[in-house]
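In: make a model of this:
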Amino acid sequence: MSDCRGIGHRYGCACCAPWLWRLAGPKKGLASRRSVLAAALGGSAFALSAGGAALSGDQTGASKLRQAPKALPVAALLGLASQAGGADRIWRNGQVITMDPTVPEGTALAVSNGRVIAVGSDDEIEGLAGTQTEVTDLDGRTVLPGLVDGHGHLANTALCLGFADLQPAPAGPVNSIGSLQQTLRDHLEREGLYEGWLIGRGYDESLIEEHRHPDRDDLDAVALDIPIFCWHVSGHFATGNSLALKLAGIKDSTGDPPGGIIRRRFQTREPDGVVEEHAMDLYTDVLPRFDGERLLDLLDEAQRRYAAWGITTAQDGASADDEISLLQHAAAAGRLDLDVVAYPWVRDPEELENLPPPEGYQGGLRIGGAKLVLDGSPQGKTAWLTEPYVSPPEGWPEDYLGYPLLEDDTVDALVDKLFARGWQVMAHCNGDRSGDQFLDAVDRATGTHGAGDRRPVMIHAQTVREDQLDRMVELGVLPSFFVAHTYYWGDWHRDAVLGEERAARISPAASALARGMHFTVHNDSPVVPSDSWRLLWSVVTRTTRSGAVLGEDQRLDVPTALGALTAEGAFQHFEEADKGRVAPGGRADLAIIAADPRKLEHAALADIEVSETVKDGRTIYRGDGAPAL
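Out: Residues are numbered from 1 along each chain as shown. As a prediction, this is how the structure comes out:
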């Protein structure tokens, strides 16, 4: 792996160019198992005009490629600004929260060549203005570092924007099976079919009146002659109508695949339409191909939404092959306004042989490492626990614990190979038993390869135990907590999933803080919207939908929570030298909001609105409806 660690790379550097401009098409056998996007680009190679131009030396297409601003000493940046007759941009008359302990606050900042060159008082920064400098009066507004997505799925978020929205409030309109059916009918009338299919996403059996998954009969009531497929909000379940089951080849004689379950009608072998975990592959293998240009348009909208919440660096965790291709496509076409760090999803050690290596940004995209998915969803009751669920799923015994998605030997081999290659590894672990599986694998790989600054990440870490946090400190494993669960499913976890004691400890961020651990927090979009401010509110208050507080002793103060959304996110991604702070020499990634969150009533944190988001010194979002620069 390059010593650059993805920081300061520029177009043409030897370690970056080979992976981005690879023209090999997606590996269809693997991609079709992993995602609806399996055929998103029709199996075509990443041979677009900008990519071809870069290879041929024709810079007409390659000029679209967004470059990371060069990392230069502050003195050099000031020199360039002086030569240009002043800073490119100045923001003044506000509150700058830098997250930089050396200069924690200011009232103004100056930017040149995509990087911050100074933070200070209005008078101090005024001297950097020239005749061509764009000066913005903040009028008391607050500047934060651009937010760094602790974990999410940008490409899948884009795809989901093209489906019928079946989410419950506040994210969507569905609160019952009946409203789900009507939403599908409305989408069919308004948008029509996509290649003959009606597709929805985001239903949640824990929050609809019936507290069950919609089955084939419910979807047959919408249409018998149209295949219907619906994703669960967690991404760990799906359901289809009778025609979809037929097209997927799911029938009485179809066995459960490894790591997956086909749900059946009571006391029969007949599938009821609902599938869990790896059994979803049976549906996704037959879903229609999605047009690449249409996906780019949806990706534009997904990025706009991220930017509207102040996010300047997004994550694409568990990326399928064609999700990587989509992001490469967007990078080459100059359509990534955000930086995107992708972590390809691996299930088998052999898959590592064909993955693009983790290297630096090109066109706003870099590969950060690889991701494993070790268990399922706690609200869906497929997360792998060490103690039984309070209320097991229908048909399961009282001692039901959930289940693993990969065998121990496979996890050990994957982590070992990733350590051997120097690649960062992330692992989805909702249940504490899957956390044990991951930590055991990290322990063994560390014993083989020695200690090092690898920053493996336990994604979600929702039921991680105190003894596991101690072990994570020893092994250098970082948690990224899905604290948004305290609001969206906190009541459900307490009453039907984990019980009061365990539910009060989901995403135990204060326990991690007490140990001096680095950690991040996240929304896991598209599971819930990437609303940074509702997330901030959740971290600080841990308030559920019913208004109860879930785990008062795990709440964080506002400054610490802001750090988890900024500086800690940069650290998790090995980008702390460049991002997560508003500091001279760092990239000019900014989120500008109306008020200082540290001074707001906690109840108001969820309602914060972003007035401007800046990426590398360029405005990519304005909250007043004015066009971005």
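In: so what's the residue nearest to the spatial centre of the chain up against?
Out: With distances taken as Cα atoms, centre = their mean, the residue of the chain nearest its centroid is Gly152 (0.9 Å). Neighbouring residues of Gly152 by Cβ atoms under 8 Å, 6 or more residues apart in numbering: 314-317, 522-525, 530. (Each C-beta comes from the backbone N, C-alpha and C, glycine too.)
In: any idea how far Val473 is from it?
Out: Distance, Gly152 to Val473, by Cβ to Cβ, to the nearest Å: 26 Å.
In: before we move on, the earlier item: name the nearest residue to the residue nearest to the centre of the chain, sequence neighbours excluded.
Out: Of all residues not flanking Gly152 in the chain, Ser525 sits nearest, at 4.3 Å (Cβ to Cβ, 6 or more residues apart in numbering).
In: who are the contact partners of Tyr306?
Out: 149, 154, 314, 338, 525, 530.
In: in helices, which of those appear?
Out: Among those, the members found in helices (DSSP state H) are Leu154.
In: which of the contacts of Tyr306 tops the neighbour count?
Out: Within the contacts of Tyr306, Asp149 tops the neighbour count with 32 neighbours, counted by other Cβ atoms under 10 Å.
In: was I right about that residue contacting Val521?
Out: No. Using Cβ atoms under 8 Å as the test, Asp149 is too far from Val521 to be in contact (10.3 Å).
In: so which residues make contact with stretch 68-77?
Out: 7-10, 80, 112-115, 117, 339, 360-361, 364, 577-578, 584-585, 587-588, 616-617.
In: of these, buried ones?
Out: Among the contacts of stretch 68-77, those classed as buried by 16 or more other Cβ atoms under 10 Å are 7-9, 80, 112-115, 117, 339, 360-361, 364, 577-578, 584-585, 587-588, 616-617.
In: among the residues you listed, which are located in strands?
Out: Among the buried ones among the contacts of stretch 68-77, the ones falling in strands (DSSP state E) are 112, 115, 117, 339.
In: the third one reaches Ile125, doesn't it?
Out: No. Under the criterion of Cβ under 8 Å, Ile117 makes no contact with Ile125, lying 9.4 Å away.
In: return the residues in contact with the most far-flung residue of the chain relative to its centre.
Out: No residue in the chain sits farther from the centre than Thr131, which is 41.1 Å out by Cα atoms, centre = their mean. With contact taken as Cβ under 8 Å, 6+ apart, Thr131 is in contact with 85-86.
In: could you point out which element follows the longest strand along the chain?
Out: The residue-count maximum for a strand in the chain (DSSP E) belongs to strand 311-319. Counting by DSSP states H and E, the next helix or strand C-terminal to strand 311-319 is helix 321-332.
In: can you list the domains in this structure?
Out: With domains defined by automatic domain parsing, the chain comprises 74-140, 154-284, 298-576.
In: ok, and which of those domains has the densest surroundings?
Out: domain 298-576 (a mean of 22; mean count of other Cβ atoms under 10 Å).
In: what about that domain, start to end distance?
Out: Terminal residues of domain 298-576 are spaced 30 Å apart (Cα to Cα, to the nearest Å).
In: beta-bridge partners for Leu372, please?
Out: Beta-bridge pairing for Leu372 (DSSP bridges): Ala427.
In: can you pull the pLDDT of it?
Out: Turning to Leu372, the model gives it a pLDDT of 98.
In: the chain should start at 830 in everything you say after this.
Out: Sure, I'll start counting at 830 from here, so that last one is Leu1201.
In: how close does it get to Gly914?
Out: Distance, Leu1201 to Gly914, using Cβ to Cβ: 52 Å.
In: pLDDT of the longest strand of the chain, averaged?
Out: Averaged over strand 1140-1148, pLDDT sits at 97.
In: angle of that strand against helix 1150-1161?
Out: Counting by axes from the mean of the first three to the mean of the last three Cα atoms, to 10 degrees, strand 1140-1148 lies at 150 degrees to helix 1150-1161.
In: just how off-centre is stretch 1068-1077 within its chain?
Out: 29 Å (Cα atoms, centre = their mean, to the nearest Å).
In: quick one, helices of the stretch 880-1029 of the chain?
Out: Secondary structure of the stretch 880-1029 of the chain, counting by DSSP state H, counting those that start in this stretch: helices at 888-891, 903-912, 951-955, 983-989, 1006-1020.
In: for Pro1388, find the nearest of these.
Out: Nearest to Pro1388 among the helices of the stretch 880-1029 of the chain is helix 951-955; the distance by Cβ to Cβ comes to 23.6 Å.
In: and the closest one, what does it pack against?
Out: Applying 3 or more Cβ pairs under 8 Å, 6 or more residues apart in numbering; DSSP states H and E, one finds that helix 951-955 contacts strand 918-921, strand 937-941, strand 944-949.
In: go again with 7 Å.
Out: Packing contacts for helix 951-955, counted by 3 or more Cβ pairs under 7 Å, 6 or more residues apart in numbering; DSSP states H and E, involve strand 918-921, strand 937-941.
In: what residue ranges in the stretch 880-1029 of the chain score low on pLDDT?
Out: The model of the stretch 880-1029 of the chain has pLDDT under 70 over residues 880-893.
In: one more pass at 80, please.
Out: Under the criterion pLDDT under 80, the flagged ranges of the stretch 880-1029 of the chain are 880-896, 899, 901, 903, 905-913.
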